[in-house]
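>>> below are the sequence and a predicted model for it; my questions follow.
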Amino acid sequence: MFGIGTQEIILIVLVVLLFFGGKKIPELMKGLGKGVRSFKDGMNNIEKDVNGSEEVSVNTEKRNNNG
């Protein structure tokens, strides 16, 4: 996992616990999860827009070639 060992992960978790405390961590993770979900939704919307515009241009080309 990116060259991070067990000791480094434990150290990171301990530092996070020291900075934020046990009660704030669920709130932070919830916010992080919402942010990731929002990012994925945005990427999916962009992908749909790009694919939709490609389909429109292909359909327009077909109409121009047939007419």
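That came through fine.
>>> Three-state assignment for I4, please.
Of the three states, I4 takes coil under DSSP: H, G, I helix; E, B strand; the rest coil.
>>> got a list of what it touches?
The contact partners of I4, taken as Cβ atoms under 8 Å, 6 or more residues apart in numbering, number zero. Just so you know, the C-beta spots here come from the backbone N, C-alpha and C atoms, and that holds for glycine as well.
>>> do you know how far it is from I46?
31 Å (Cβ to Cβ, to the nearest Å).
>>> residue ranges with poor pLDDT in this protein?
1, 54-67 (pLDDT under 70).
>>> now do I25: how many residues are near it, please.
14 (other Cβ atoms under 10 Å).
>>> where does it sit, in terms of helix or strand?
Element membership for I25 (DSSP states H and E) is helix 6-66.
>>> figure out how far that helix is from the centre of its chain.
1 Å (Cα atoms, centre = their mean, to the nearest Å).
>>> numbering from 27 from now on, please.
Yes, from this point I'll number from 27; that puts the last item at helix 32-92.
>>> and it, what does it pack onto?
Based on contacts counted as 3 or more Cβ pairs under 8 Å, 6 or more residues apart in numbering; DSSP states H and E, there is no element that helix 32-92 packs against.
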